[in-house]
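Enquirer: I would like to see how this sequence folds:
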Amino acid sequence: MTAPAPDPTPRRPRPTIARWVAGVTLLSLLPLLVFSVTALQRQHAQEQERNRAALQRRAAVAAHAIGHELASVQGELRTMGLTAAARDGDLAALHTMAVALVAADPRLAAISLADPDGRQHFHTARPFGTPLPDSALGALQKQLFTRDVPLVSPLVTGAVLQQPVVGVAAPVTVGGRGRVALRAVVRLDAINERLNEQQWPPDWIAAVLDQNRVVVARSREPQRFVGQTVTESLRQGLRDGHPVFEADAKDGPRMVVAAAPVPGVDWFVAVGRPLASLDAQVRDSMLLVLGAGALCAGLGLAGAVFFSRHLGRQLQRVVDAHAGGTVAAAPPSAIREVAELDAALAQARVAAQRAREEVIGRLEERSEMLDVLAHEVRQPLNNASAALQAATAAMRDGGGSAVADAVGRADGVLSEVRASIDNTLAVASLLIAGERVWRKDSDIDSLVAVAIADLPVADAGRVRIERATPTRTASMDFGLMRLALRNLLSNALKFSPADRPVTLRIADCDEPLALLIDVVDGGPGIDAALLPRLFERADRRVRNPTGRRQGLGLYIVRRVMELHGGSVRVERTGADGTTMRLVIEQSGDD
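Expert: The predicted model follows:
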């Protein structure tokens with residue numbers, strides 16, 4: 001019997017396990033790569049939009065900060081207009097009060113009083129009774145009396161100070177003289193410091209522009225550019241009303257500019273970033289993502305080939321062991337590999353779960369901040385509306401004392417509105433702040449005076465100051481410490497009976513070297529169950545044991561003190577009152 005002839009057709013070698021796995025991996029990666037290219041194009045546009053939105057947010061924050069400063073100065077002027085000296089027409093006493101206010105408030109350069117025609121009665125930069133030139137703002141301040149609302153001037157040269165100034169004016173009634181203009185000159189460096197609180201990147205330019213689109217403050221080279229008119233492209237962008245647009249800088253390349261209006265005045269804050277820098281950041285970000293994707297694809301393909309070959313060798317050993325009847329002698333490495341692969345997959349699942357929880361936590365924090373903003377602003381505004389309606393009704397009835405009481409309540413509610421907005425914006429800034437703030441020597445008495453001036457007029461008169469140290473200055477961030485001290489005073493006044501004073505005691509210590517500020521109230525004390533979480537940022541949906549919702553005030557105080565390297569603590573609490581202590585250390589690095 002003859003053997004069959006061998007088939008002359010060569011057989012195609014069967015693909016190995018490594019080739020099969022590599023092929024499947026490559027086929028699965030191709031759609032992913034196509035999708036990645038499409039997604040990168042879309043992400044490029046979204047990244048551009050996010051950068052522009054971030055620029056706009058920072059401009060809006062700076063505009064609200066400038067608006068708050070101007071509104072605070074207007075509030076101080078209106079308070080002066082309600083004093084007995086103003087009602088009695090005692091200009092000498094009003095001049096003395098204005099001199100004291102200028103000395104206490106580092107934002108102010110001078111205060112003056114002028115008639116509607118521009119004739120000045122006094123100016124704190126000159127002794128009372130000194131003849132004064134007519135005001136440089138005579139024509140502008142006519143709007144003050146026709147509209148009967150506060151007014152902020154553009155940058156002008158002061159008739160007395162003979163230097164560029166910005167004036168904030170409020171219409172007041174002075175006995176025997178009728179309606180006059182009480183005006184405060186705001187220091188340009190104070191506006192500049194407020195603008196630069198955000199610490200702008202080196203290649204960014206931020207500027208405050210007045211009604212005439214003249215630079216009032218600037219983040220870069222203010223001495224060179226304050227007083228100059230902006231470029232025509234920037235002026236045109238402001239006229240068109242676009243929130244983000246392209247414009248030329250006076251000292252730089254083409255910029256992407258975000259413009260935000262300053263509340264209550266025809267001013268703008270313009271924040272610009274070089275267009276080339278913005279495009280380069282987006283391009284580099286996209287190239288980084290594309291390179292990382294290509295690298296991951298290559299590593300995935302190489303890993304698939306490597307592990308498939310290793311797995312093929314292990315399977316071959318198992319098959320050979322079964323074929324030879326030596327199953328017991330077969331090495332257990334295949335089982336070990338499977339176990340190691342399972343452990344690696346389990347670790348990957350845990351890492352993915354942690355990343356998911358972190359993202360959810362950030363979204364919840366953002367949602368919580370929006371809820372806080374809604375509660376802290378909307379509710380006080382409703383209260384302000386009700387109080388003002390009561391004041392209107394009382395004035396319609398012609399009752400003198402009832403009008404005064406109603407207007408006083410309206411003023412108190414509006415103070416709560418300002419404090420709530422300050423606290424909410426402060427939390428948004430403090431949550432992303434670093435571990436330290438930029439500190440400088442600040443006058444302690446000015447800090448106390450400004451913090452008390454932020455309170456409603458009725459409450460400010462209840463604060464008594466005790467000094468147990470001759471120290472005049474301390475190293476601190478003046479704005480943040482003012483906010484912390486005002487929150488402590490507001491809490492103390494809120495929980496003390498209306499006929500009890502609140503004491504503010506200033507002292508110091510040597511170990512450690514620190515300034516001590518105590519706020520002592522006459523309230524009923526703090527519930528023991530509330531003490532462990534007193535300085536936490538509480539859930540607004542949960543009421544504390546006293547039945548009140550815990551606000552942001554004490555959380556801001558704690559955060560401000562942490563940024564200063566100091567602390568806030570409850571020194572004493574009981575049925576006869578509570579003592580809160582701020583410890584501002586002076587020996588650490590600023």
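
Enquirer: Show me where the stretch 201-350 of the chain has its strands.
Expert: Secondary structure of the stretch 201-350 of the chain by DSSP state E, counting those that start in this stretch: the strands cover 205-209, 215-218, 244-248, 254-261, 268-274.

Enquirer: Ok, which of these comes nearest residue 447?
Expert: Comparison of the strands of the stretch 201-350 of the chain against residue 447 by C-beta to C-beta identifies strand 215-218 as nearest, at 22.5 Å. In short, each C-beta sits where N, CA and C put it, glycine included.

Enquirer: partners of that closest one, with directions?
Expert: Partners of strand 215-218 in the sheet, by DSSP bridges, are strand 205-209 (antiparallel).

Enquirer: Show me what the strand it pairs with is in contact with.
Expert: Under the criterion C-beta atoms under 8 Å, 6 or more residues apart in numbering, residues 59, 62, 66, 191, 195-196, 198, 200, 215-220, 225, 230, 238, 249, 252, 255, 262, 267-272 lie in contact with strand 205-209.

Enquirer: Counting neighbours, which of those residues end up buried?
Expert: The neighbour-count test (16 or more other C-beta atoms under 10 Å) applied to the contacts of strand 205-209 identifies 59, 62, 66, 191, 195-196, 198, 200, 215-220, 225, 230, 238, 249, 255, 262, 267-272 as buried.

Enquirer: Any buried residues in stretch 509-524, and which?
Expert: Of the residues in stretch 509-524, 514-524 count as buried by neighbour count, 16+ other C-beta under 10 Å.

Enquirer: Equivalent analysis for stretch 470-488, please.
Expert: Residues of stretch 470-488 classed as buried under the neighbour-count rule (16+ other C-beta under 10 Å) are 474-488.

Enquirer: Among these, which lie within helices?
Expert: Judged by DSSP state H, those include 478-488 as members of helices.

Enquirer: Confidence-wise, which of those residues comes last?
Expert: On pLDDT alone, residue 479 ranks lowest of these, at 84.

Enquirer: So residue 438 versus residue 564, what's the distance?
Expert: Noted for residue 438: a distance of 11 Å to residue 564, by C-beta to C-beta, to the nearest Å.

Enquirer: hang on, the earlier thing: which two among the buried residues of stretch 470-488 are spaced furthest apart?
Expert: Among the buried residues of stretch 470-488, the pair separated by the greatest distance (C-beta to C-beta) is 475 and 487, at 20.7 Å.

Enquirer: how many neighbours does residue 256 have?
Expert: Other residues lying near residue 256 total 21 when counted by other C-beta atoms under 10 Å.

Enquirer: Enumerate every residue touching it.
Expert: 52, 55, 244-246, 272-275, 278.

Enquirer: Low-confidence bits of the stretch 101-250 of the chain, can you list those?
Expert: Under the criterion pLDDT under 70, the flagged ranges of the stretch 101-250 of the chain are 136-141, 148-149.

Enquirer: who's in contact with the closest residue to residue 132 other than its chain neighbours?
Expert: Counting by C-beta to C-beta, 6 or more residues apart in numbering, the nearest residue to residue 132 once its immediate chain neighbours are dropped is residue 120, at 4.2 Å. If a contact means C-beta under 8 Å, 6+ apart, then residue 120 has 112-114, 132-135, 159-160 as its contacts.

Enquirer: Let's see that with 10 Å instead.
Expert: Neighbour list for residue 120: 112-114, 126, 130-135, 138, 159-160, 181, 183 [criterion: C-beta atoms under 10 Å, 6 or more residues apart in numbering].

Enquirer: Out of the residues you listed, flag the one nearest to residue 557.
Expert: The nearest member of the contacts of residue 120 to residue 557, counting by C-beta to C-beta, is residue 183 at 34.3 Å.

Enquirer: Secondary structure element holding the closest one?
Expert: strand 178-186 (DSSP states H and E).

Enquirer: so what does that strand touch, helix or strand wise?
Expert: Based on contacts counted as 3 or more C-beta pairs under 10 Å, 6 or more residues apart in numbering; DSSP states H and E, the elements that strand 178-186 packs against are helix 17-81, helix 91-104, strand 108-114, strand 120-123, helix 142-147, strand 151-152, strand 164-174.

Enquirer: elements contacting the second one?
Expert: Packed against helix 91-104, as judged by 3+ C-beta pairs under 10 Å, 6+ apart, are the following elements: helix 17-81, helix 84-88, strand 108-114, strand 120-123, strand 164-174, strand 178-186, helix 444-453.

Enquirer: 8 Å instead, please
Expert: Applying 3 or more C-beta pairs under 8 Å, 6 or more residues apart in numbering; DSSP states H and E, one finds that helix 91-104 contacts helix 17-81, helix 84-88, strand 108-114, strand 120-123, helix 444-453.

Enquirer: Quick check: buried residues in that helix?
Expert: For helix 91-104, a neighbour-count test (16+ other C-beta under 10 Å) marks 91, 94-95, 97-99, 101-102, 104 as buried.

Enquirer: In JSON lines: the residues you listed, plus distance to residue 584.
Expert: Written out in JSON lines, the entries for the buried residues of helix 91-104 read as follows (distance: C-beta to C-beta, whole Å):
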{"residue": "91", "distance to residue 584": "40"}
{"residue": "94", "distance to residue 584": "35"}
{"residue": "95", "distance to residue 584": "35"}
{"residue": "97", "distance to residue 584": "30"}
{"residue": "98", "distance to residue 584": "30"}
{"residue": "99", "distance to residue 584": "29"}
{"residue": "101", "distance to residue 584": "25"}
{"residue": "102", "distance to residue 584": "26"}
{"residue": "104", "distance to residue 584": "20"}
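
Enquirer: hmm, which helix or strand of the chain has the shakiest average pLDDT?
Expert: helix 400-430 (a mean of 57; mean pLDDT, DSSP states H and E).

Enquirer: Residue 348: which of the helices and strands packed on helix 91-104 is closest?
Expert: When these are compared for distance to residue 348 using C-beta to C-beta, the nearest one is helix 17-81, at 17.0 Å.

Enquirer: is the residue nearest to residue 132 in a bridge, and if so with what?
Expert: When residue 120 is checked against DSSP bridges, its beta-bridge partners turn out to be residue 114.

Enquirer: And residue 209, by the same measure?
Expert: With beta bridges defined as DSSP bridges, residue 209 has these partners: residue 215, residue 268.

Enquirer: separation between the closest residue to residue 201 other than its chain neighbours and residue 244?
Expert: With C-beta to C-beta, 6+ apart as the measure, residue 273 is the residue that lies nearest to residue 201, at 7.8 Å, once sequence neighbours are left out. Summarising the geometry, the distance separating residue 273 from residue 244, computed by C-beta to C-beta, is 10 Å.

Enquirer: same deal with residue 82?
Expert: 42 Å.

Enquirer: Give the full set of residues in contact with the closest residue to residue 449 other than its chain neighbours.
Expert: Nearest residue to residue 449 in three dimensions, chain neighbours excluded: residue 104, at 3.6 Å (C-beta to C-beta, 6+ apart). Taking C-beta under 8 Å, 6+ apart as the definition of contact, the neighbours of residue 104 are 445-446, 449-450, 453.
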